[in-house]
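The following comprises the amino acid sequence and a computationally predicted model.
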Amino acid sequence: MESFRFNHNDNVAYALLFSPVNDPGKIKQRIIDAAKADDQDRDAVNFSFIEASLITSRLHLETAIHQAIIVESQGSLRTKTIHSEILFALNPTNNITEAIRRYGVSETSKSLIVVQITDSSASASDVETKMKAVVDGVVVSFRELATVTDWDRVKKYLKLDKEAKEKGDLARTQAFIDSVAISSVAMKSVMQ
Amino acid sequence: MAVSLSQSLIQTSLPISQGAEAASYLRSFSDSILKVYKAQLSPESPPILLKYRFKKHYRHPNLDLNLTRSRIAGEARALLKCLRSGVNVPGIRMVDATDGVLGIDWIDGQSVRKLLPGGTEDDGPDDPENQNDTQAGNYNDLKEYGVSVDGLMKMVGIEIAKMHRVDVIHGDLTTSNMMLRHPKSFSSSVTTLTTELVLIDFGLSYQSTLTEDKAVDLYVLERAFSSTHPDSEPMFTSVLAAYANTMGKDWPAIKNRLDDVRLRGRKRSMVG
């Protein structure tokens, strides 16, 4: 279980990386159904389901979580919940449907990061149990994230094809894409 | 009213009154416009620099919010544009336009001003340990970074040219607004490189394709050189040589315009 704590805020974000994940289509359907269901069903999927192959580093995810917490604390969410706000922050355009289609769970997702932002009263093990109840997949360490990232797709969504070509070797290209990805997420709220 | 998230972040962070970053920021903006802090978002994450544009009570609240928001947005957009185009600038780590906070990567290193002869003088009473620095001290510092003065000037020229090629005008080019990353916090696949030059403080930057604006940007730097560093002409000549090399075919037009600007100064005549 990975946790994100901030020095200046009582919220905690818990995250699990599932790779591989079985039957992502079922999870997606369950989220859609939960929108029409009662509170209990909704609570069971009250997480952010993130396409793990589009996350370039832990810091990338941390930045998105942090921006979502800021926006929520100011009462200026652009989407319905703080969890969908993470997906919105990750996508470089202002199109919410596109953000959820790209960065949320889809039928073709092979690995998923499940995040819950909660206050410090929630116990980590409770959250972990709930997450494992929703997702059918293998929990792996966050260090595995590096092996999951689909750099070509990240590059395409960030429109960095031309710029990344000039970087030369693989390590430099990936470091470059990662830094642009982090900065894009951080400045999303003032994007044109 | 409850303390906002960014406010409590500032409370946990360290105000900077010294150091290269603060020296440069405090020189270009007065202390009454923004405050600079060193902060950490989470226990594991690398340190960041916070630029806090606090509320100005002499302005109407709506106007204040608008101005703060657009300034932070402008700076963040310029940084992202530079970053995407491979110009060395600090990455953005957080933006809270409502509270006036911009968080960028902390650059571990020294400002070019401090590394060149003359740059440590006139630093004011709050920087006593640098008062006695001799010029030899500067050269030793440069050795620590593994570059020569000429090599450093080349890096300056290249970085500015890269920025101008994507039509970003810095607006406040001085040797204080450039930093050399310390070799111990710099890693590169090219082993001969020991450091990199990072342009900082895009608070006055804007976008423009005009030759005039690029020439004025260079002119401002030339003036900064001549007022800060003794015998700066050969240094600035190397800056321009590297700049010309990187700009390629756009250089002759900028060179001609720079000559015009030198004759009339930064402001264009409004007559006629």
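Ah, there it is. Numbering: from 1, shown residues only, chains lettered A, B, ... in the order given.

so is residue B:179 in a helix, a strand, or just coil?
The local conformation at residue B:179, judged by DSSP: H, G, I helix; E, B strand; the rest coil, is strand.

How much space separates it from residue A:174?
24 Å (Cβ to Cβ, to the nearest Å). For every residue, glycine as well, the C-beta is placed using N, CA and C.

More neighbours: which of the two?
It is residue B:179, of residue B:179 and residue A:174, that has more neighbours when counted by other Cβ atoms under 10 Å in any protein chain shown, with 28 against 19.

Would you check that that one makes contact with residue B:111?
Yes: if you go by Cβ atoms under 8 Å, residue B:179 and residue B:111 touch, sitting 5.3 Å apart.

and the helix-or-strand element of chain A with minimal mean pLDDT, C-alpha only, in CSV?
Across the helices and strands of chain A, mean pLDDT, DSSP states H and E gives its lowest value to helix A:39-44, namely a mean of 78. Output in CSV follows, covering the C-alpha atoms of helix A:39-44 (Å, rounded to 0.1, in the frame of the first residue of the first chain):
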residue,chain,number,x,y,z
ASP,A,39,-25.0,5.3,-1.4
GLN,A,40,-23.7,1.9,-0.3
ASP,A,41,-22.9,0.8,-3.8
ARG,A,42,-21.4,4.2,-4.6
ASP,A,43,-19.2,4.0,-1.5
ALA,A,44,-17.8,0.7,-2.7
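
just checking, what packs against the helix or strand following it?
As assigned by DSSP states H and E, the chain's next helix or strand after helix A:39-44 is strand A:48-51. Packing partners of strand A:48-51 (3 or more Cβ pairs under 8 Å, 6 or more residues apart in numbering or on different chains; DSSP states H and E): helix A:82-90, helix A:96-103, strand A:112-118.

contacting residues around strand A:48-51?
A:27, A:31, A:61, A:83-84, A:86-87, A:90, A:102-106, A:109, A:111-117, A:135 (Cβ atoms under 8 Å, 6 or more residues apart in numbering or on different chains).

circling back to that earlier point, distance from the least confident helix or strand of chain A to the middle of the chain?
Taking Cα atoms, centre = their mean, to the nearest Å, the mean C-alpha location of helix A:39-44 is offset from the chain mean by 20 Å.

for stretch B:55-71, same thing?
That offset, for stretch B:55-71, works out to 24 Å (Cα atoms, centre = their mean).

quick check, it touching chain A?
Yes: counting by Cβ under 8 Å from any Cβ of the partner chain, chain A has neighbours in stretch B:55-71: residue B:69.

average pLDDT for that stretch?
Averaged across stretch B:55-71, pLDDT comes to 92.

Quick check: buried residues in that stretch?
B:64, B:65, B:68, B:69, B:71 (16 or more other Cβ atoms under 10 Å in any protein chain shown).

and the angle from the biggest strand by length in chain A to strand A:112-118?
Ranked by number of residues, the top strand in chain A under DSSP state E is strand A:9-21. Angle, strand A:9-21 to strand A:112-118, by axes from the mean of the first three to the mean of the last three Cα atoms, to 10 degrees: 160 degrees.

What pairs with strand A:9-21, parallel or antiparallel?
strand A:2-6 (antiparallel), strand A:112-118 (antiparallel), strand A:137-140 (antiparallel) (DSSP bridges).

Moving C-terminal from it, which element do we reach first?
helix A:24-34.

and that following helix, what other elements does it pack with?
Against helix A:24-34 (3+ Cβ pairs under 8 Å, 6+ apart) you get helix A:39-44.

Just the residues contacting the helix it packs on, thanks.
With Cβ under 8 Å, 6+ apart, helix A:39-44 has contacts from A:33, A:34, A:35, A:130, A:133, A:134.

and the helix or strand harbouring the fourth one, what does it pack onto?
Taking DSSP H and E as the criterion, residue A:130 maps to helix A:124-134. Identification of packing neighbours for helix A:124-134 by 3+ Cβ pairs under 8 Å, 6+ apart yields strand A:9-21, helix A:39-44, strand A:112-118.
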